[in-house]
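Enquirer: just coords:
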């Protein structure tokens, strides 16, 4: 049981070209390349996503049923839908709803200070609105794409599940983490105490799990068009997990990232309640651990940007102080 993802960089160029020819899609219809899939425009209403692994079809079918089950009538923005899943030329072709809009990550550089502030507010509004997405059929496991059943909600509480995800990565990457994270063992013990010493009694809601500006489509600085790319990290649990991630993932590498993170957490606390501050920081630290090796490539873990971001957050003492 752990967080894992697909890898769009593994798509073979010849397989891509053959698949696009067979599907009648012009390579010039390319829209974006994410970490998990390449995206091409088909019509005004649909897009094509290409995944490297056709064996992922079963998971995408689970995701299709999940999308179909969502009832977002109260939301002011669109959610994805999947229409077709087809293995082709050693790849996987998935046709999804097209949501018109520009990723917030691409919009932000063109905004002045006032418009950027408005966009950040709308971003937090969107993640708190997702808390209204309740699981429609009850929850048997916390991870949406968990064929093994190791995330069983009957076998463990939500807090235990979150801590175990972090613990798995600590044990797997202990040598690197001990070299880079100050007092790792003490911090692990602190997280264990906070997570295993409490019980979560709130509702189990839809948790996007990868809520960041690249997955939030905007009509303009004041209007969110849609939230996309549920899947590998999607869970059922405390919606404040998403709120925490939205704050810490908004600006991961910029020179003002710490102040932006704290500003967004302050905005979020005005919406969810000031007494939730500790929980937001606890989820941030758990996520830094459970995701630390998600994006490491051939250059090695300790040179990976996401790993360095996680280490930086784990070494930020003020965050540990605010967890209490």
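Expert: It's in. Predicted, not measured: the structure shown is a model, and the values here were computed from it. Numbers count the residues shown, from 1 in each chain.

Enquirer: parallel or antiparallel, which strands does the lowest-mean-pLDDT helix or strand in the chain pair with?
Expert: Across the helices and strands of the chain, mean confidence by mean pLDDT, DSSP states H and E is lowest for strand 30-33: a mean of 92. Applying DSSP bridges to the sheet, strand 30-33 is found paired with strand 38-41 (antiparallel).

Enquirer: what does the strand it pairs with rub up against?
Expert: 8, 11, 16, 20, 25, 27, 29-33, 47-50, 98 (CB atoms under 8 Å, 6 or more residues apart in numbering). Just so you know, the C-beta spots here come from the backbone N, C-alpha and C atoms, and that holds for glycine as well.

Enquirer: at 7 Å instead, please
Expert: 8, 11, 25, 29-32, 47-50 (CB atoms under 7 Å, 6 or more residues apart in numbering).

Enquirer: turn the residues you listed into TSV, including distance to residue 198 and neighbour count.
Expert: Formatted as TSV, these follow (distance: CB to CB, whole Å; neighbours: other CB atoms under 10 Å):
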residue	distance to residue 198	neighbour count
8	38	18
11	43	20
25	50	17
29	50	13
30	47	15
31	43	13
32	40	15
47	42	21
48	44	24
49	39	22
50	43	24
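
Enquirer: which of those residues sits closest to residue 184?
Expert: Residue 184 has its nearest neighbour among those in residue 8, at 31.9 Å by CB to CB.

Enquirer: for the closest one, phi and psi?
Expert: Taking degrees, to the nearest 10, you get phi -70, psi -20 for the backbone angles of residue 8.

Enquirer: measure it to residue 51 for me?
Expert: Using CB to CB, to the nearest Å, we find residue 8 at a distance of 7 Å from residue 51.

Enquirer: show me where the chain has strands.
Expert: Secondary structure of the chain by DSSP state E: the strands cover 30-33, 38-41, 46-51, 82-88, 91-97, 102-103, 205-207, 216-220, 223-227, 235-237.

Enquirer: what comes up buried for the fourth one?
Expert: Spelled out, that is strand 82-88. By 16 or more other CB atoms under 10 Å, the buried positions in strand 82-88 come out as 82, 85-86.

Enquirer: give the rounded mean pLDDT of that strand.
Expert: Throughout strand 82-88, pLDDT has a mean value of 97.

Enquirer: for it, the distance to its chain's centre please.
Expert: Taking the mean of its C-alpha atoms, strand 82-88 sits 22 Å from the chain's own mean (CA atoms, centre = their mean, to the nearest Å).

Enquirer: adjacent strands (with direction) for that strand?
Expert: strand 91-97 (antiparallel).

Enquirer: name the surrounding residues that touch the partner strand.
Expert: Applying CB under 7 Å, 6+ apart, the external contacts of strand 91-97 come out as 11, 15-16, 19, 23, 42, 45-54, 56-57, 60, 80-86.

Enquirer: list the buried residues in it.
Expert: 91-97.

Enquirer: as TSV, these with pLDDT would be great.
Expert: Output for these, formatted as TSV (pLDDT from 0 to 100):
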residue	pLDDT
91	96
92	97
93	98
94	98
95	98
96	97
97	97
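
Enquirer: farthest pair within those?
Expert: Across the buried residues of strand 91-97, the longest distance by CB to CB is 20.4 Å; it joins 91 and 97.

Enquirer: contacts only, for the residue nearest in space to the middle of the chain.
Expert: Nearest residue to the geometric centre of the chain (CA atoms, centre = their mean): residue 210, 0.8 Å. Counting by CB under 7 Å, 6+ apart, residue 210 touches 229, 233.

Enquirer: what lies in contact with the least confident helix or strand of the chain?
Expert: Defining contact as CB under 7 Å, 6+ apart, one finds that strand 30-33 is touched by 8, 38-41, 47.

Enquirer: got any residues that touch both of residue 8 and residue 51?
Expert: Shared contacts of residue 8 and residue 51 (CB under 7 Å, 6+ apart): 36-37.

Enquirer: if I look at the residue lying closest to residue 264 once chain neighbours are set aside, how far off is residue 197?
Expert: Among residues not flanking residue 264 along the chain, residue 247 sits closest, at 4.1 Å (CB to CB, 6 or more residues apart in numbering). Separation of residue 247 from residue 197 (CB to CB) stands at 24 Å.

Enquirer: got it, and residue 99?
Expert: In terms of CB to CB, residue 99 sits 41 Å off from residue 197.

Enquirer: if you count what's nearby, which of those two comes out ahead?
Expert: Counted by other CB atoms under 10 Å, residue 99 and residue 197 do not tie: residue 99 has more neighbours, with 17 against 8.

Enquirer: for the nearest residue to that one once chain neighbours are set aside, give its distance to residue 101.
Expert: Nearest non-adjacent residue to residue 99, counting by CB to CB, 6+ apart: residue 226, 3.6 Å away. Noted for residue 226: a distance of 6 Å to residue 101, by CB to CB.

Enquirer: all set now, cheers.
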